[in-house]
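>>> Build me a structure from this.
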Amino acid sequence: MSQVHPDSPLSPHVCIGHKFCSTSSTVFTVWKKSLLLNGKGFTVFDSLGQLVFRVDNYASNAKNEVFLMDDAGQLLLTLRRKKWSVGKKWEAFRGDPMESEKPAFSLIKSLGFSNKITANVFTNGSRKTKVCDYQIEGSCKSSCTIFSASGEIIAQVKRKEAKSDLMLGNDILNLVVEAGVDQAFVMGLLIIFNQIS
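Modelled structure (predicted):
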């Protein structure tokens, strides 16, 4: 994966780290299965079949706390459901939340009555302005689009197709992350979106 220099014009969508950005759009295969025998999580591979991210939960509260790790098992994000919030609100902390004072971002499910699920994403205190930095729209756990505040698509998820136009199971997804966008951040959003949808 090629990296984007911090001074690059492609870096406004960095939340976790520049090392998770690429100079070109990147395609991932997301398998909604854990590498752990009894775990609930995701396994993410790049286009060469190399492990990129792991998502696991080591406790019985899989619906309240989830961990995003890199291929070596280093904790990147701790994702937690916010207790006693109106709607469904999640917060993401870099690494161990005990070492972070504030969440890196938060995601709040919009209340609506349509078949479309919408969530607003706020980074580093932008919640005070009440204007979201990102928005996720989707119709189910296997299909969603992530937009920046300006409306540009920064990532898309849909069910993966085999080469013969055969749709694979609901647990195998195709994730495309655009150039200059933090792939770990996008994975954090995808994980939470799957929890709230």
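>>> going forward, measure contacts between C-alpha atoms and count neighbours the same way
Noted.
>>> What's the local residue count around Asn115?
9 (other CA atoms under 10 Å).
>>> From Phe185, how far off is it?
Applying CA to CA, to the nearest Å, the value for Asn115 to Phe185 is 25 Å.
>>> who does the helix or strand of the chain at the bottom of the mean pLDDT ranking touch, helix- and strand-wise?
Within the chain, confidence by mean pLDDT, DSSP states H and E is lowest for strand 134-140 among all helices and strands, at a mean of 88. Judged by 3 or more CA pairs under 8 Å, 6 or more residues apart in numbering; DSSP states H and E, the packing partners of strand 134-140 are strand 117-123, strand 143-148.
>>> Enumerate the beta-bridge partners assigned to Gly138.
Ile117, Cys144 (DSSP bridges).
>>> can you map out the helices along this structure?
With DSSP state H, the ranges of helices along the chain come out as 183-196.
>>> mind showing which ranges of it have poor pLDDT?
1-13, 35-40, 58-62, 85-87, 100, 112-114, 125-129, 141, 164-169 (pLDDT under 70).
>>> 50 - rerun?
Where the chain drops to pLDDT under 50, the residues are 1-11.
>>> what ranges do the strands span in it?
Along the chain, counting by DSSP state E, strands occupy 26-31, 42-45, 51-56, 65-70, 75-81, 89-94, 105-109, 117-123, 134-140, 143-148, 153-159, 172-177.
>>> Just the angle for the last one relative to helix 183-196, thanks.
Using axes from the mean of the first three to the mean of the last three CA atoms, to 10 degrees, the inter-axis angle of strand 172-177 relative to helix 183-196 is 140 degrees.
>>> Run through who's touching strand 172-177.
Residues from elsewhere that reach strand 172-177 (CA atoms under 8 Å, 6 or more residues apart in numbering): 25-32, 142, 154-160, 183, 186.
>>> can you give me the offset of it from its chain's centre?
11 Å (CA atoms, centre = their mean, to the nearest Å).
>>> Give the pairing partners of that strand; include direction for each.
Checking strand 172-177 against DSSP bridges gives partners strand 26-31 (antiparallel), strand 153-159 (antiparallel).
>>> can you dump the C-alpha coordinates of it into CSV?
Coordinates of each C-alpha in strand 172-177 appear next as CSV, following Å, rounded to 0.1, in the frame of the first residue of the first chain:
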residue,chain,number,x,y,z
ILE,A,172,-18.6,-11.5,2.1
LEU,A,173,-18.4,-7.8,1.1
ASN,A,174,-16.5,-5.7,-1.4
LEU,A,175,-15.2,-2.4,0.2
VAL,A,176,-13.8,0.3,-2.0
VAL,A,177,-12.0,3.2,-0.2
